[in-house]
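> sequence and predicted structure, then a few things I'm wondering about:
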Amino acid sequence: MGRARILGITSGLVAVWWPFLMPCAAENDPSIAAVGKPATITARTASPDKTAASKRSTRLVVSVSDFQPAADGNAVQVVVRALNERTGAEQEVGRFGVMPYGAAGIAPPQVQRFGLALPEDLSADHSIRVNVYLEPSNGNGKGARLKVDGAEIR
């Protein structure tokens, strides 16, 4: 067999099996949130200049893409919680919904960003551990997934 033929067969097999392998890969990816499995990321300060940042409230900006709604069509909320390093407890920072609601598969240039007010006891930190949860509003939310592309403290 020639090299081109082997490459062609391999590419064909990957194309056929890729959709079946992706859910397994997503289960191990810490940036993928699903119902019952939060995405875990570290948010870092966008700029080290605290003098300019201290004049306004500190925000946590979360970037998301590749939203997959629940199989039953019921809505899910994105819940963002930060780990308070001093107390060891999770603290809710905010909630939001992703639009358009549908299997949109937001392309990387269309990453959606959501700004949430960061509590004062977390705003002095230069980096915080953030967990992003998907919580169903109705139903069980099975099949809902979201990729968290990053988070910044601004």
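Happy to help now that I have it.
> mind listing the residues bridging to S65?
With DSSP bridges as the criterion, S65 is bridged to K147.
> my bad, should have said Q91
A82.
> also A117?
Where A117 sits in a bridge, its partners, by DSSP bridges, are R59.
> who are the contact partners of it?
57-60, 93-94 (CB atoms under 8 Å, 6 or more residues apart in numbering). Every residue, glycine included, has its C-beta placed from N, CA and C.
> isn't V61 up against V130?
No. Counting by CB atoms under 8 Å, V61 does not reach V130; the two are 10.9 Å apart.
> more neighbours, these two?
V130 (24 against 16; other CB atoms under 10 Å).
> what strand or helix carries that one?
Taking DSSP states H and E as the definition, V130 sits inside strand 127-136.
> now do the buried residues in that strand.
Using 16 or more other CB atoms under 10 Å as the test for burial, strand 127-136 gives 128, 130-134, 136.
> how does the chain divide into domains?
The chain resolves into domains spanning 1-29, 31-153 when parsed by automatic domain parsing.
> lowest-pLDDT helix or strand in this protein?
Sorting the helices and strands of the chain by mean pLDDT, DSSP states H and E puts helix 50-53 at the bottom, at a mean of 50.
> quick one: residues in contact with the strand holding V130.
33-35, 38-45, 60, 62, 64, 70, 74-83, 85, 90, 93, 122, 141, 144-146, 148, 151, 153.
> packing partners of the host helix or strand of V62?
Here V62 sits within strand 59-68, counting by DSSP H and E. If contacts are counted by 3 or more CB pairs under 8 Å, 6 or more residues apart in numbering; DSSP states H and E, strand 59-68 sits against strand 76-83, strand 112-117, strand 127-136, strand 145-153.
> good, we can wrap up now.
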